[in-house]
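Engineer: A structural model of the following input is requested.
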Amino acid sequence: MVTDFPTTAIEFNEVFSSEDACAAYLESVRWPDGFVCPKCGGKEAWRVKVRPLMHCKSCGRQTSITAGTPLQGTRKPLRAWFHAMFLVSAQKTGTSAANVQRQVGLKSYGTAWTWLHKIRTCMRLEGREKLEGRVEVDEGYVGGNEPGVRGRHTETKSLVAVAAEDDGGDRRIGRIRLEAIPTASQEVLSGFVDENVEKGSTVRTDGLKGYAKLASVGVQHEPTTVKGSGKTGSQLFPRVHLVLALLKRWLLGTFQGRVDAKHLQAYLDEFCFRFNRRTCRFATGIFERVAAAVASGAPRTYAAIVGGLACPRGT
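Structural biologist: The predicted structure is shown next:
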């Protein structure tokens, strides 16, 4: 287990300079209380040097360190995966598949794209705590410009629901949630709030009819009509508007805005994961959390990720 975690790229490459070092770290993250054999329950084992396997001393079963995780079945070195996770973690803007392909030395763009999506699927943590206190909720569109299209009429943009905790004065933001939604109907928006906001919390929204039944999911609803208030939506609901602005800037800056609507939720999950951990220093924060999420995540195939579609270039 790494105790003095590396704080720079040079130190990172020194600490994880071998397959053994990467396997040992992955082992410590996956089994923090010590290895337990899935066959006999034995707790004594040794690591097979030629492959990332744990050999049980009691029954002799060999258990892969990567089995049951997104790394299952990989033929690439663990060092390459760790480098990819480093690239995801080291910059607050994340990284693109094209950059991973170039930096890690992968021959296929599709491989780099799949790796990033496998990592992203682990960033939506199961059983995560809901937002609480005073929470702003709104929805907005993300996507490219549509000449001649105004307001809520859109042909290519995706609708995203946003929830942001009020963390006190100065428009401070606590945790956030983002969800790609099909419509801004009462059923959809009430479901979004019910899934992401703790009951008893106060939810502030605009006067959209889609929020009319929020009280039915156990929250205190404070609607404010923008029209006639003398203030803009960004003044009344500064937190959700700032989150949407940052999200659009991130999608445009890191991925040139070329994010397929079918895969949008994965990018939203990455943005939330990173935003909610924005105060973490890289050395002790983001990478360790990404590695822990990957070690506990479920395996996913390329076919399951793309759903039969080829990976889009530029993302």
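Engineer: Which residue ranges of the stretch 201-315 of the chain form helices?
Structural biologist: Here the stretch 201-315 of the chain has its helices, by DSSP state H, counting those that start in this stretch, at 233-236, 238-255, 264-275, 286-296, 302-306.
Engineer: tell me the angle the third one makes with helix 286-296.
Structural biologist: Here helix 264-275 runs at an angle of 130 degrees relative to helix 286-296 (axes from the mean of the first three to the mean of the last three C-alpha atoms, to 10 degrees).
Engineer: How about residues contacting helix 264-275?
Structural biologist: Contacting residues not belonging to helix 264-275 are listed as 88, 92, 94, 117, 120-121, 123-125, 142, 158, 160, 176-180, 243, 246-247, 250-251, 255, 259, 286, 289, 293 [C-beta atoms under 8 Å, 6 or more residues apart in numbering]. C-beta coordinates here come from the backbone N, C-alpha and C atoms, glycine included.
Engineer: likewise the last one?
Structural biologist: Around helix 302-306, the neighbours that count as contacts under C-beta under 8 Å, 6+ apart are 110, 114, 117-118, 121.
Engineer: And the average pLDDT for stretch 105-112 is what?
Structural biologist: Mean per-residue pLDDT for stretch 105-112: 93.
Engineer: Name the residues of it that are buried.
Structural biologist: 106, 109-112 (16 or more other C-beta atoms under 10 Å).
Engineer: so how far is the host helix or strand of residue 176 from its chain's centroid?
Structural biologist: In this assignment (DSSP states H and E), residue 176 forms part of strand 173-181. Here strand 173-181 shows a centroid-to-chain-centroid distance of 11 Å under the convention C-alpha atoms, centre = their mean, to the nearest Å.
Engineer: tell me the angle it makes with helix 264-275.
Structural biologist: Using the same axes, to 10 degrees: strand 173-181 against helix 264-275 is 180 degrees.
Engineer: name the helices or strands packed onto strand 173-181?
Structural biologist: The contact analysis (3 or more C-beta pairs under 8 Å, 6 or more residues apart in numbering; DSSP states H and E) places strand 173-181 against strand 158-166, helix 186-196, helix 238-255, helix 264-275.
Engineer: what is the rounded mean pLDDT of it?
Structural biologist: Strand 173-181 comes out at a mean pLDDT of 96.
Engineer: Residues in contact with that strand: which ones?
Structural biologist: Residues outside strand 173-181 that contact it (C-beta under 8 Å, 6+ apart) are 131, 133, 139, 158-167, 188-189, 192, 195-196, 239, 242-243, 247, 261, 264-265, 268-269, 271-272, 275-276.
Engineer: contacting residues around residue 238?
Structural biologist: By C-beta under 8 Å, 6+ apart, the neighbours of residue 238 are 136, 171.
Engineer: hmm, 7 Å instead?
Structural biologist: residue 171 (C-beta atoms under 7 Å, 6 or more residues apart in numbering).
Engineer: Going through the contacts of strand 173-181, which ones are buried?
Structural biologist: 131, 139, 158-166, 188-189, 192, 196, 239, 242-243, 247, 264-265, 268-269, 271-272, 275-276.
Engineer: those strands in the stretch 1-150 of the chain, which residues are they?
Structural biologist: In the stretch 1-150 of the chain, the strands defined using DSSP state E, counting those that start in this stretch lie at 45-48, 53-56, 62-64, 134-142.
Engineer: which helices and strands does the last one pack with?
Structural biologist: For strand 134-142, the elements it packs on are strand 158-166, strand 202-205, helix 238-255, judged by 3 or more C-beta pairs under 7 Å, 6 or more residues apart in numbering; DSSP states H and E.
Engineer: Flag the shaky bits of the stretch 151-300 of the chain, pLDDT-wise.
Structural biologist: 151-155, 281-285 (pLDDT under 70).
Engineer: Would you write out the ChimeraX command that picks the buried residues out of the contacts of helix 264-275?
Structural biologist: The following ChimeraX line selects those of the contacts of helix 264-275 that are buried, judged by 16+ other C-beta under 10 Å:
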select :88,94,117,120,121,123,124,125,142,158,160,176,177,178,179,180,243,247,250,251,255,259,286,289,293
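Engineer: To residue 30, which of the helices and strands packed on strand 134-142 lies closest?
Structural biologist: helix 238-255 (29.1 Å; C-beta to C-beta).
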